[in-house]
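1. quick one: sequence plus predicted model below, questions after.
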Amino acid sequence: MVMLESGVSWISPYLWRLHKFWRGVRMETPWVDRAPQEIVRSNIRFSLQPFDAPPDEATLNRLFDHMQSDELVLFSTDYPHWQFDGPDALPEGLSPDLVRKIMIDNPHATYPRLK
């Protein structure tokens, strides 16, 4: 599943909260044998647009570190809507490896027919 136009800055606190509540009710849900963040990481991808995090490099790196996965994010611009982000949709300060994952590797893994 791909969640479009949802941004990415909320993912880390959401995954933390899912894990916190799951740990509290594990006895009530014995059939859930994987942590919620593992389930999200294996089944859901998020589009980068609208990018709603501060643009400084340290915050970007911290954001992706907290997600504990560079495979969750896909590139998007919101085109063809008139207010689309255009070429500035990809925030500055990302490492070349992360840019490649967001722009090429992650979409290929999510949509294998693109290869």
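-> Sure, I can see it. The shown structure was predicted, so the numbers you read here are calculated from the model rather than taken from an experiment.

2. rest of the way, CA atoms for contacts and neighbours
-> OK.

3. how far away is residue 4 from residue 52?
-> Using CA to CA, to the nearest Å, we find residue 4 at a distance of 13 Å from residue 52.

4. just want to know which of these two has more residues nearby.
-> Set side by side, residue 4 and residue 52 show more neighbours around residue 4, with 16 against 13, by other CA atoms under 10 Å.

5. and residue 103, how many neighbours does it have?
-> 16.

6. pull out the buried residues from the helix or strand of the chain with the lowest mean pLDDT.
-> When each helix and strand of the chain is scored by mean pLDDT, DSSP states H and E, helix 57-67 comes last, with a mean of 77. For helix 57-67, the neighbour count (16 or more other CA atoms under 10 Å) marks 60, 63-64, 67 as buried.

7. can you name the element that comes right after that helix?
-> Next helix or strand after helix 57-67 toward the C-terminus (DSSP states H and E): strand 73-74.

8. would you mark the buried spots in whichever helix or strand comes after that following strand?
-> Downstream of strand 73-74, the next assigned helix or strand under DSSP H and E is helix 96-100. Neighbour counts using 16+ other CA under 10 Å place 98-99 of helix 96-100 among the buried residues.

9. follow the chain on from helix 96-100 and name the next helix or strand.
-> helix 106-110.

10. quick one: mean pLDDT for that following helix?
-> Over the span of helix 106-110, the pLDDT mean works out to 91.
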